[in-house]
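[1] Build me a model:
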Amino acid sequence: MTITLAFDVYGTLINTHGLLTQLEEMIGNKAQAFSNTWREKQLEYSFRRGLMKSYLPFSECTRSALEYACKLHQVDMSSDQKSRLLSLYAVLPAFQDTLDGLAALNQDQFRPYAFSNGTEAAVRKLLQHSGTEQYLLDIVSVDSLKTFKPDPAVYDYFLQRSASSKEQSWLISSNPFDVIGALNFGMKAAWVKRSESSLFDDWEVTPTLVVESLERIGDQILKA
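    Numbers count the residues shown, from 1 in each chain. Modelled structure (predicted):
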């Protein structure tokens, strides 16, 4: 029986800090801290909107988070600069190990999907630009449910869309909240820990598997 893989997109396949060069050109040595704030607030806004049942597309969380980062770091960014950053965010680069890891998956053993907070159109644009779409069977977007990860409903929706079961499905994500959400729902989950400094939340659960990259993700799941 084949194993269904739900690959998170933002932060797992695609590098959400992939605009550091452009940010450095705009704001100098504030770039890394600015990028961190932008990502943290983007996720926080998605969590809050999910809890409040006040859904807006993930791109709006991204835009609002950019505004917050500008205020926090006292960056006077023009409307044109913000628009440019948001346009570039729509074509963020993949991590170096993403293409190799996806290409190495045996299609007789795995059914790989993209599973994302982003809209289907936004995710498709990212995957096409990064060259990863060809390795994925389909895109499952939470936009159809008007909520965000880690709502249990989105993991259930993934199983429905992929015609899979909890027992035969793995979430692959660099985001601990996503891994915890999948485990809480009853799926297996691999945490992609690309950096030694990355921390997993003390949530009384542990990932089914921890990997340093996606390069050998298929083999590692088969051995888990």
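[2] residue contacts, Leu183?
    By Cβ atoms under 8 Å, 6 or more residues apart in numbering, the residues touching Leu183 are 189, 205, 207-208. C-beta here means a position set from N, CA and C on the backbone, and glycine is covered the same way.
[3] Name the nearest residue to the residue of the chain most remote from its centre, sequence neighbours excluded.
    In the chain, counting by Cα atoms, centre = their mean, Asp76 sits farthest out from the average C-alpha position, at 28.5 Å. Nearest residue to Asp76, sequence neighbours excluded (Cβ to Cβ, 6 or more residues apart in numbering): Cys70, at 7.7 Å.
[4] hang on, the earlier thing: give me the buried subset of the contacts of Leu183.
    Among these, those scoring as buried are 189, 207-208 (criterion: 16 or more other Cβ atoms under 10 Å).
[5] Looking at the residues you listed, which one is closest to Glu24?
    Nearest to Glu24 among those: Pro207, at 33.2 Å, using Cβ to Cβ.
[6] How far away from the center of its chain is stretch 29-37?
    Relative to the chain's own centre, stretch 29-37 is displaced by 19 Å; criterion: Cα atoms, centre = their mean, to the nearest Å.
[7] what about it, average pLDDT?
    Stretch 29-37 shows a mean pLDDT of 98.
[8] buried stuff in that stretch?
    Within stretch 29-37, the residues scored as buried using 16+ other Cβ under 10 Å are 30-31, 34-35, 37.
[9] Please produce TSV containing those residues, extended by distance to Pro93 and secondary structure.
    Formatted as TSV, these follow (distance: Cβ to Cβ, whole Å; DSSP: H, G, I helix; E, B strand; the rest coil):
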residue	distance to Pro93	secondary structure
Lys30	21	helix
Ala31	16	helix
Phe34	18	helix
Ser35	13	helix
Thr37	20	helix
